[in-house]
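S.K.: Kindly generate the corresponding structure for this input.
(chains A and B)
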Amino acid sequence: GAGVSQSPSNKVTEKGKDVELRCDPISGHTALYWYRQSLGQGLEFLIYFQGNSAPDKSGLPSDRFSAERTGGSVSTLTIQRTQQEDSAVYLCASSMAGGRTGELFFGEGSRLTVL
Amino acid sequence: SQQGEEDPQALSIQEGENATMNCSYKTSINNLQWYRQNSGRGLVHLILIRSNEREKHSGRLRVTLDTSKKSSSLLITASRAADTASYFCATPPLEGAQKLVFGQGTRLTINP
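M.R.: Sure thing, here's the model as predicted:
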């Protein structure tokens, strides 16, 4: 597709369940980011992938959060044993070369609600 | 801690007026970016200004950068109802991680 695609767009789950959020970046973009945005707040950095380099996981809030990027393209963010405070919009972005040199292209986000 | 912080947190003006938002940051940068987010949507890149630039224009947008004060401003001239959105500044650290760090944003409301 032409832009960054995220799925699902909305996910409602029960506390304690695991969820997987998917991101399809723009073809050819080597950098991929995950951010979290709570209601009315700014963006909280979670994780950054760049090519074949080790990901920057410094923003993951706990060991319940993990992410992988297969084949340098699609990425999956997994949240295990979800808690109510995990409720937020999870935004994925991709970039040609990383934020230091250029713009990020964002998907529409996955809205997660943990009951 | 936040690298970029926008001011004001919220701004409400009449259609046709100019809107000015400010951003302050803490560490040295090689560029600063502004993004817009319509309610319930993803972010859209507006403009990037490099550290060796002082001013940049794009349509009705004007961005300034003062590296000595570690601040930037975004001016939207002749505002329209469609400009209603949240506006974020974002800065990549000069060294280290490539991640863009975003501020809390300015919520702009244009009243018809």
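S.K.: who's in contact with residue B:41?
M.R.: A:108, A:109 (Cβ atoms under 8 Å, 6 or more residues apart in numbering or on different chains). To be clear about C-beta, it is placed using only N, CA and C from the backbone, and glycine gets the same treatment.
S.K.: name the element the residue minimising distance to the centre of chain A belongs to?
M.R.: Nearest residue to the geometric centre of chain A (Cα atoms, centre = their mean): residue A:34, 3.1 Å. Under the criterion of DSSP states H and E, residue A:34 resides in strand A:31-37.
S.K.: what's next to the helix or strand of chain A with the lowest mean pLDDT, contact-wise?
M.R.: Counting by mean pLDDT, DSSP states H and E, the weakest-scoring helix or strand in chain A turns out to be strand A:43-50, with a mean of 92. Residues outside strand A:43-50 that contact it (Cβ under 8 Å, 6+ apart): A:30-38, A:55-61, A:65, A:67, A:69, A:75, A:77, A:90-91, A:98, B:43, B:88, B:97-102.
S.K.: switch to 6 Å and redo it
M.R.: Applying Cβ atoms under 6 Å, 6 or more residues apart in numbering or on different chains, the contact partners of strand A:43-50 are A:31-37, A:55-57, A:59-60, A:67, A:69, A:98, B:99, B:102.
S.K.: ranges for the strands of chain B?
M.R.: B:4-7, B:10-14, B:19-25, B:31-37, B:43-50, B:55-58, B:61-66, B:71-76, B:85-91, B:101-102, B:106-111 (DSSP state E).
S.K.: Mean neighbour count and mean pLDDT for those - can I get that in JSON lines?
M.R.: Formatted as JSON lines, these follow (neighbours: other Cβ atoms under 10 Å in any protein chain shown; pLDDT from 0 to 100):
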{"stretch": "strand B:4-7", "mean neighbour count": "21", "mean pLDDT": "80"}
{"stretch": "strand B:10-14", "mean neighbour count": "13", "mean pLDDT": "95"}
{"stretch": "strand B:19-25", "mean neighbour count": "20", "mean pLDDT": "94"}
{"stretch": "strand B:31-37", "mean neighbour count": "24", "mean pLDDT": "94"}
{"stretch": "strand B:43-50", "mean neighbour count": "18", "mean pLDDT": "94"}
{"stretch": "strand B:55-58", "mean neighbour count": "12", "mean pLDDT": "96"}
{"stretch": "strand B:61-66", "mean neighbour count": "18", "mean pLDDT": "97"}
{"stretch": "strand B:71-76", "mean neighbour count": "20", "mean pLDDT": "97"}
{"stretch": "strand B:85-91", "mean neighbour count": "25", "mean pLDDT": "93"}
{"stretch": "strand B:101-102", "mean neighbour count": "26", "mean pLDDT": "86"}
{"stretch": "strand B:106-111", "mean neighbour count": "18", "mean pLDDT": "96"}
